[in-house]
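Engineer: Build the 3D model from these lines:
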Amino acid sequence: MLTKSSFRYIALVILATTQQVISREFWLERDNRPVYLYPRRFGQEQPVVLQKLRDACPGQVCGTLAGQAVTPLLAVQGECTQQDMADAIIDASKQFDAATQAIMVAIAVEYRQVEKNTPPDFTTNPPSLRNSVFCQKAPKNAQLNGLVQAQDPANDPNLFFDPATQATVKKGAQPNTFPFGGAATAQPASTCNDVPVTSTVVVFSTPAATAAAGASFGSCSIPQIEFGVGFDGRKETSFQPTDKKSFNHGSAQNIAVITQFICDRLNDSCKANQSAKDICVNAQTAAAAAAAKTGAQADVFNAAFGIKSQFVNVPAVDDQGNVIAGTGNTTTTPNQPSTTPAAGADFGSCSIPQIEFGVGFDGRKETSFQPTDKTSFSHGSAQNIGVITQFICDTLTNSCKANQAAKDTCKTAQTAAAAAAGTGAQADAFNSVFGVKTQFASVPAVDNQGNIIAGTGNPAASPTAAAPAEFGSCSVPQIEFGVGFDGRKETSFQPVDKQSYNHGSAQNIGIITQFICDTLTNSCKANQPAKDICAKAQTAASTAAAKTGAQADTFNAVFGIKTKFTNVSAVDDQGNIIAGTGNPSASPIAAAPADFGSCSVPQIEFGVGFDGRRETSFQPTDKRSFNHGSAQNIGIITQFICDTLTNSCKANQSAKDICAKAQTAATAAAAKTGAQADAFNSVFGIKSQFAYIPAVDDQGTVIAGTGKA
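Structural biologist: Below is the predicted model:
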């Protein structure tokens, strides 16, 4: 009787004697690492596309890329590593002539569609063959839009292997069981750690377009649905359109009510074109297939429009305020705070408390706080959030007739609001206790003269540029300058906000400024004043010293954002500091002869939610170069990184010496705080601000005295 592997061998022989556009190759792995076969034993050591890549450009670029391109195809690698690698190939092509660029882009397109390994599920009898999950973010480069990896047709079409959890996932249970943005699903991939694994290369004459290509939503924004508690005063989780101006509909527990309204609206009022309407129908179908009354329905709907959301993490709540078991992901992350209200909390005749932060309340110039729902909590604005929180908690007792659980929750929220005084972080902390996610921390604090208070807010997330400028769906443009972007040894520029301006790094700032200004017109739907400001910023950047941080500073300054990248020394592609650039006393860039070998410049990040932790911890920023999980003791991470420089990266002695200094610097900073990550990173010339993040214990409680205002 023929086994599956025998059948594949026969298929290989057949394919070898015919001319097909789709060819199948074997790729072996053991213990999540590639197995390089001896050529006399096996005719092909690796997929043809890797050899094409190796031959496409000089070895120091394409040889390195070809070596790096193996790992993303292994089963344990993240869902987006293959796409990221394809993007890296295209990014690297931009330094060559047009002919070489065209070849490398074609190779990247081919590589993106290679089958990725997936192990069978041996918990079933017989073992179930699983597909690989799909990347849930848009590629950096348009040539990859709509492309996904191939899948083995022999796989069960309803089963997927998720490398993040190392488990089987049913189709529709997670957004990543559908292609991002509605791209057509390729043929389904099977693998095993100790048996041959097939790879399919599908070659198209032109890249497939994204599902949203050519879509025009007329006078309306791109449809998006959100999922949570508190909509329209509800205790239970429900769905509603994110943009109520374009899609003015209240909340509903049945997502179909919302999706039908949105699709009808595209036809009746928005005057969207047929492509947009077709996408909406596909999004309706996808939402209906996901788990009913869970955030996964919102996620798959949004994904069809190219929007990534994580409402699957939000636990479903019934109309008594009780969390429905088995729903959501109760792990808290920096971008997805807990959205579960206290069990059994009843707010009586009032809505769930929520506070907002901004300028202009009651005619004020300065930022202040006020209750979001003035009907339930009728109080004016105040600069001291304590005035508002006390009033809300008193009102729950005196007027709302809330139960004890609700009052206790309010007390907890009052305590949580003791975050950085006078900033939006206080409102966010208060709201999060009630399961309401807000991002007022991004809003800069403003004094009573209308001046922004330095060091507050996130200008990239809170438009504060010239009054008439409207940046549409995008943040205020901002560019950063440094080493290590996209694994580069040299200094380069990149947009700060990759969600609004999704472009990789470049040594020529003109590439970034042009992309940002084009995006304001093509995607953000910014108004003319915003476009005019961007044109001025482009001109300003071009007049500063080329390939130095001064160019980023002058660009940012036009938008009212003050940065000091001029202090960062420029570094060439050999890792050498360029004499006469930067301010060494302000920017401790790594020593000139440092060479990190096959690895990126080391960097550590600090936050909550790493590996599902409640507490803050540390982890390497680049898991490709330094593949280690999180740890509360930074010494574990720094030791691993420095060991890896020696054992795997083949870094030179200067790089190792710098790592030793960085270890010492990290140890000297306050233990288990972001300052340790900042100290480590600064030795390599990387500026980070993790010291501003409050440390959190394993109960999810902020540790007093940590973080910075």
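Engineer: what stretches of this structure score poorly on pLDDT?
Structural biologist: 1-47, 181-214, 328-344, 419, 450-451, 457-468, 560, 582-593, 708-709 (pLDDT under 70).
Engineer: how is it carved up into domains?
Structural biologist: 22-201, 225-313, 458-589, 604-692 (automatic domain parsing).
Engineer: Just put these in JSON lines and tack on mean neighbour count.
Structural biologist: C-beta: built from backbone N, CA, C; applies to glycine. Shown next, in JSON lines, are those (neighbours: other Cβ atoms under 10 Å):
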{"stretch": "domain 22-201", "mean neighbour count": "19"}
{"stretch": "domain 225-313", "mean neighbour count": "20"}
{"stretch": "domain 458-589", "mean neighbour count": "19"}
{"stretch": "domain 604-692", "mean neighbour count": "19"}
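Engineer: Pipe the ones you listed into JSON lines and attach distance to Gly348 per row.
Structural biologist: Converted to JSON lines, those look like this (distance: least, Cβ to Cβ, whole Å):
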{"stretch": "domain 22-201", "distance to Gly348": "36"}
{"stretch": "domain 225-313", "distance to Gly348": "11"}
{"stretch": "domain 458-589", "distance to Gly348": "34"}
{"stretch": "domain 604-692", "distance to Gly348": "31"}
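Engineer: mind checking which of these is nearest Thr395?
Structural biologist: Checking those against Thr395 by Cβ to Cβ gives domain 225-313 as the closest, at 14.6 Å.
Engineer: First-to-last residue distance for the closest one?
Structural biologist: By Cα to Cα, to the nearest Å, the extent of domain 225-313 from end to end equals 15 Å.
Engineer: how close does Pro120 get to Val70?
Structural biologist: Distance, Pro120 to Val70, by Cβ to Cβ, to the nearest Å: 21 Å.
Engineer: again with Thr638
Structural biologist: The value you get for Thr638 to Val70, if Cβ to Cβ is used, is 28 Å.
Engineer: what does Thr395 give?
Structural biologist: In terms of Cβ to Cβ, Thr395 sits 62 Å off from Val70.
Engineer: How about Phe680?
Structural biologist: Phe680 sits 29 Å away from Val70, going by Cβ to Cβ.
Engineer: Please apply the same query to Thr554.
Structural biologist: 42 Å.
Engineer: quick one on the thing from earlier: for Gln449, which of the domains of the chain is the nearest?
Structural biologist: Across those, Gln449 has its closest neighbour in domain 458-589 (14.4 Å, Cβ to Cβ).
Engineer: Any idea how many residues pack against Ala429?
Structural biologist: Here the number of neighbours of Ala429 (other Cβ atoms under 10 Å) works out to 26.
Engineer: Pull the contacting residues for it.
Structural biologist: Ala413, Ala416, Ala417, Ala418, Ala419 (Cβ atoms under 8 Å, 6 or more residues apart in numbering).
Engineer: and what of Asp156?
Structural biologist: Residues near Asp156 by Cβ under 8 Å, 6+ apart: Ser128, Leu129, Arg130, Asn131.
Engineer: Could I get the full set of strands for the stretch 151-300 of the chain?
Structural biologist: Assigned by DSSP state E, counting those that start in this stretch, the stretch 151-300 of the chain shows strands spanning 159-162, 167-170, 197-201, 225-228, 238-241.
Engineer: Ok, which of those strands comes nearest Ala99?
Structural biologist: With Cβ to Cβ, the closest approach to Ala99 among the strands of the stretch 151-300 of the chain belongs to strand 197-201: 22.3 Å.
Engineer: now, among the contacts of Ala429, which is nearest to Gln101?
Structural biologist: For these, the closest approach to Gln101 (Cβ to Cβ) belongs to Ala419, at 48.5 Å.
Engineer: which residue ranges form the strands in the stretch 551-700 of the chain?
Structural biologist: Taking DSSP E, counting those that start in this stretch, the strands of the stretch 551-700 of the chain run over residues 604-608, 616-620.
Engineer: Can you pull out the residues in contact with the first one?
Structural biologist: Contacts of strand 604-608 with the rest of the structure, by Cβ under 8 Å, 6+ apart, involve 332-334, 614-621, 634, 637-638, 641, 666, 673-674, 676-677, 680-681, 688, 690, 693, 696, 700.
Engineer: Mind doing that once more with 6 Å?
Structural biologist: Strand 604-608 is contacted by residues Thr332, Pro334, Thr616, Phe618, Thr621, Ile637, Gly674, Ala677, Phe680, Phe690, Ile693, Val696 when judged by Cβ atoms under 6 Å, 6 or more residues apart in numbering.
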